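*Asks:* show me how the following folds:
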Amino acid sequence: MTRPAKTSTSASTTSPRAARRPCSRLLPVLLALGLLLATAGCAASEAPERVSIMVPWTQQGEFHAFYSVVKEFEDDTGVQVDVQVTRALTQQLDASVTAGAPPDLAVLPSVGAIARYAGGEHGLRPLDAGTVDIGAYLRPFRDLARVRGETYAVPVKVDVKSLVWYDAETTAKPPTASTGALAAFAREAGLTWCLGLASGPTSGWPGADWIADVVLADAGADAYAKWASGALPWTSPEVERAWSRWHGLVGAAALKDTSHRGFAEATQAMTRADPTCRLAHGTRSALAGDLQKEARFSFAAPPADRPVEVSGDFIGMFTESSPNARRFVAYLAGAEAQQLWVDAAGSSAFSARTEVTRYGDGVRQRIAAMLQPRSGYRLCFGAADVMSPDVAAAFYRAVLQYADGADELSTLLTRLQKVQDGLGESPVPESDVCADPT
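*Replies:* Numbering: from 1, shown residues only. Here you go, the predicted structure:
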């Protein structure tokens with residue numbers, strides 16, 4: 001993705017905007033006189049303070065919403081933010097940390113990665129209470145930001161995964177009381193699912209999210225938390241049944257070729273004049289842009305007394321000596337920047353801060369309400385994001401193989417359990433996986 005053009009700024013005890021004016025007024029005169037050395041001196045004096053951050057937001061609307069928040073920080077402080085955008089965030093961050101040259105800040109690829117990177121010579125640095133008030137965030141997000149009692153990350157963007165999307169003008173509201181009821185509804189109405197599993201290095205995640213949602217819906221929050229943290233085996237009846245039910249819900253025909261189809265590309269089919277599929281599962285942020293914009297598309301959620309699967313993007317700090325990194329984290333974590341992010345054009349962000357309650361449309365307002373205290377929902381973090389990164393990667397690969405029919409389910413699950421046994425349980429405690437939002 002091409003990054004928007006930026007204007008270098010300088011840090012000063014006076015207003016950043018005021019600090020830039022004297023030099024900018026002089027430049028035309030100096031150039032006219034041919035005093036190139038003086039011009040170079042002026043430019044050198046304005047070398048901006050900088051902070052670097054690595055992010056995975058490659059979709060245009062998602063990136064520009066984040067960048068509008070970045071620009072506000074740059075304009076107010078004079079600190080230049082160097083944004084490194086990558087779809088292969090796990091691989092690039094691992095390489096940077098291993099080489100001893102991580103960015104100042106990074107969006108962590110999973111909460112399992114928070115625990116893995118916490119501490120160490122080139123790892124995450126603790127965020128003190130003066131930088132981040134983690135108590136201002138809802139559970140389970142604030143619990144997952146802590147390792148051994150210290151805060152190592154802050155959730156800056158969250159979402160709900162347990163949603164079924166449909167065109168309210170042409171399709172009846174899908175039942176979500178159980179997986180069986182939803183499967184019967186789709187089968188009887190002849191409705192097919194818009195599903196794509198391709199997503200670069202993380203291909204397979206849409207299926208992993210959906211299988212996790214079936215475990216949660218059918219086996220309950222306690223079994224889900226045990227499985228996500230490694231205490232319930234992959235070969236257990238609860239987990240094996242979820243894979244089979246997902247296959248039956250989507251159907252063998254719909255799964256065909258999904259490993260080569262992008263998720264947004266697949267959901268875009270719902271917006272056509274003659275749609276080839278009618279239902280989609282997952283977060284609003286992962287849907288095709290047109291589907292997010294058009295008011296006729298709505299969602300069905302589980303009943304309010306059921307648990308729902310949620311996700312979150314956490315930012316952590318790798319360079320303790322950078323005051324600008326700490327300053328930027330504090331800004332991103334604050335209620336004002338969080339609201340600005342939610343309000344930005346093209347944004348699909350939700351905040352885990354209780355003060356952020358204003359959302360632009362009815363659909364987003366309904367999703368936001370699910371995350372709030374007294375919503376009735378129990379929030380369970382995405383299972384793959386709770387697992388250690390290597391186990392999650394094996395999970396994604398197994399989803400692709402299952403969709404392609406390459407291996408029997410029992411073989412895949414036995415293989416996943418061997419990976420789990422070799423790597424140990426998740427670094428995330430079982431008790432932190434699910435929580436009532438408080």
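*Asks:* alpha carbons only for contacts and neighbour counts from here, please
*Replies:* OK.
*Asks:* for residue 403, list the residues it contacts.
*Replies:* 252, 255-259 (Cα atoms under 8 Å, 6 or more residues apart in numbering).
*Asks:* can we see that at 10 Å?
*Replies:* Counting by Cα atoms under 10 Å, 6 or more residues apart in numbering, residue 403 makes contact with 197, 204, 207, 247, 251-259.
*Asks:* next one: residue 312
*Replies:* 108-111, 141, 144, 154-160, 349-352, 381-382, 385 are the contacts of residue 312 under Cα under 10 Å, 6+ apart.
*Asks:* just so I have it, where are all the strands in the stretch 201-350 of the chain?
*Replies:* 280-281, 297-300, 307-317 (DSSP state E, counting those that start in this stretch).
*Asks:* which of those strands sits most buried?
*Replies:* strand 307-317 (a mean of 24; mean count of other Cα atoms under 10 Å).
*Asks:* and that one, what's its mean pLDDT?
*Replies:* Average pLDDT, strand 307-317: 97.
*Asks:* one step back: put the buried members of the contacts of residue 403 into a PyMOL selection.
*Replies:* Buried subset of the contacts of residue 403, written as a PyMOL selection, criterion 16 or more other Cα atoms under 10 Å:
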select buried, resi 197+204+207+247+251+254+255+258+259
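*Asks:* ok, so of the contacts of residue 403, who is nearest residue 319?
*Replies:* residue 204 (32.4 Å; Cα to Cα).
*Asks:* and the residue nearest to the closest one when sequence neighbours are not counted, how far is that from residue 351?
*Replies:* In this structure, residue 204 finds its nearest non-sequential neighbour in residue 396, 4.4 Å apart by Cα to Cα, 6 or more residues apart in numbering. Counting by Cα to Cα, to the nearest Å, the gap from residue 396 to residue 351 is 27 Å.
*Asks:* circling back to that earlier point, residues in contact with the residue nearest to residue 204?
*Replies:* 197, 201-209, 384, 390, 402.
*Asks:* if we can go back for a sec, make TSV from the strands of the stretch 201-350 of the chain and add distance to residue 172 to it.
*Replies:* Formatted as TSV, the strands of the stretch 201-350 of the chain follow (distance: least, Cα to Cα, whole Å):
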stretch	distance to residue 172
strand 280-281	14
strand 297-300	10
strand 307-317	22
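*Asks:* looking at those, which is closest to residue 423?
*Replies:* strand 307-317 (23.3 Å).
*Asks:* which residues of the protein score low on pLDDT?
*Replies:* 1-48 (pLDDT under 70).
*Asks:* nearest residue to the middle of it?
*Replies:* With distances taken as Cα atoms, centre = their mean, residue 313 lies nearest the centre of the chain, 4.2 Å away.
*Asks:* hang on, that one packs against residue 109?
*Replies:* Yes. In this structure, residue 313 is within contact of residue 109 by Cα atoms under 10 Å, at 7.7 Å.
*Asks:* where do the strands of the stretch 51-200 of the chain begin and end?
*Replies:* Under DSSP E, counting those that start in this stretch, the stretch 51-200 of the chain gives strands at 80-85, 105-108, 146-147, 150-151, 154-160, 164-167.
*Asks:* with just CA atoms, put the longest one into CSV.
*Replies:* Taking only C-alpha atoms (Å, rounded to 0.1, in the frame of the first residue of the first chain), the coordinates of strand 154-160 have been written out as CSV:
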residue,chain,number,x,y,z
VAL,A,154,-2.8,-1.8,25.2
PRO,A,155,-5.9,-2.8,23.1
VAL,A,156,-6.4,0.0,20.6
LYS,A,157,-9.0,-1.6,18.3
VAL,A,158,-11.5,-4.4,19.1
ASP,A,159,-14.3,-6.2,17.3
VAL,A,160,-16.9,-8.9,17.6
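*Asks:* with mean neighbour count and distance to residue 57 added, can I get the strands of the stretch 51-200 of the chain in CSV?
*Replies:* Below are the strands of the stretch 51-200 of the chain laid out as CSV (neighbours: other Cα atoms under 10 Å; distance: least, Cα to Cα, whole Å):
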stretch, mean neighbour count, distance to residue 57
strand 80-85, 18, 7
strand 105-108, 24, 10
strand 146-147, 20, 24
strand 150-151, 19, 24
strand 154-160, 24, 11
strand 164-167, 23, 22
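*Asks:* any chance of the ones you listed in a markdown table, plus distance to residue 367?
*Replies:* Shown next, in a markdown table, are the strands of the stretch 51-200 of the chain (distance: least, Cα to Cα, whole Å):
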| stretch | distance to residue 367 |
| --- | --- |
| strand 80-85 | 27 |
| strand 105-108 | 23 |
| strand 146-147 | 26 |
| strand 150-151 | 27 |
| strand 154-160 | 7 |
| strand 164-167 | 12 |
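*Asks:* nearest to residue 358, of those strands?
*Replies:* strand 154-160 (14.7 Å).
*Asks:* so residue 400 is in which element?
*Replies:* helix 389-404 (DSSP states H and E).
*Asks:* buried residues in that helix?
*Replies:* Buried residues in helix 389-404 (16+ other Cα under 10 Å): 389, 391-404.
*Asks:* tell me which of the residues you listed is nearest to residue 434?
*Replies:* Nearest member of the buried residues of helix 389-404 to residue 434, counting by Cα to Cα, is residue 392, at 18.1 Å.
*Asks:* which residues touch the residue lying closest to the closest one once chain neighbours are set aside?
*Replies:* Nearest residue to residue 392, sequence neighbours excluded (Cα to Cα, 6+ apart): residue 384, at 5.0 Å. Contact partners of residue 384, counting by Cα under 10 Å, 6+ apart, are 110-112, 205, 208-209, 212, 228-229, 390-396.
*Asks:* what do you get for residue 231?
*Replies:* Contacts of residue 231 by Cα under 10 Å, 6+ apart are 223-225, 424-426, 430.
*Asks:* state the distance from it to residue 219.
*Replies:* 14 Å.
*Asks:* hang on, the residue nearest to residue 392 in a helix?
*Replies:* Yes. Counting by DSSP: H, G, I helix; E, B strand; the rest coil, residue 384 is found in a helix.
*Asks:* thank you, goodbye.
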